[in-house]
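>>> Here is a sequence together with a model predicted from it:
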Amino acid sequence: MQKQALQRAITARFYQSLANSGVEITAIPPTQLQAIVNAMADAVIEAVDALDEDGETDAAAITAAPHPSGDEETLLWTGKPYLSIGVRYELTTQRLRIVSGLLGRKVEEVELVRIRDTSVTQHVGERMINVGDVEIISNDPSRPTFKLHNVTQANEVRELIRKAVMEERTRRGFAYREEM
């Protein structure tokens with residue numbers, strides 16, 4: 001059932017993008033065009049499933065990697081929103097990244113030393129399946145707040161981010177100071 005809904009969403013986005021571009025496809029009969037679009041949607045779904053099987057976007061992959069001795073950046077955690085494709089979250093020893101897009105790619109990141117605070121919000125349904133939103137508040141002028149939506153084990157992820165922030169601040173020699 002989820003695969004069919006995903007296929008419908010991909011198909012709808014494809015036709016919307018086609019309409020927005022102003023390109024008209026009249027050389028291909030509508031039934032054949034629909035078959036091509038369905039095949040493309042199936043291929044996208046299979047590619048994303050293959051990524052999941054390889055473990056590149058495993059939402060429960062919370063690991064405590066040892067902190068490197070130098071400036072080497074190490075991946076501490078990777079996850080993706082529950083029931084979502086095309087978005088991946090990565091926490092390293094130096095920054096937090098949001099990688100989005102299936103065919104195109106957009107990467108947003110914030111340095112850990114710029115993170116000021118984190119919080120988790122969950123409604124009743126999310127608590128039942130151990131999913132929540134992790135909100136990040138930072139000193140980054142381009143994007144001071146953002147959320148990691150529908151993260152599995154949100155409280156553990158928030159705590160992992162907090163510990164990574166504290167370790168990176170210590171490594172760089174940053175001191176805590178309350179703003180007035």
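Great, that's in hand.
>>> Next, the buried residues of the helix or strand where Leu96 lies.
Secondary structure from DSSP states H and E places Leu96 in strand 95-100. For strand 95-100, a neighbour-count test (16 or more other Cβ atoms under 10 Å) marks Arg95, Leu96, Ile98, Val99 as buried. For glycine as for every other residue, the C-beta is placed from the backbone atoms N, C-alpha and C.
>>> wait, which of the residues you listed is closest to Ile25?
Within those, distances to Ile25 taken as Cβ to Cβ reach their minimum at Val99, with 31.2 Å.
>>> ok now do the closest one, which residues does it touch?
Val87, Arg88, Tyr89, Glu90, Arg105, Lys106, Val107 (Cβ atoms under 8 Å, 6 or more residues apart in numbering).
>>> which one in those is the model shakiest on?
Least confident of the contacts of Val99 in the model: Arg105, at 89.
>>> pLDDT below threshold where in this protein?
1-2, 48-71, 176, 178-180 (pLDDT under 70).
>>> re the thing from before, for the buried residues of strand 95-100, name the two members farthest from one another.
Arg95 and Val99 (11.9 Å).
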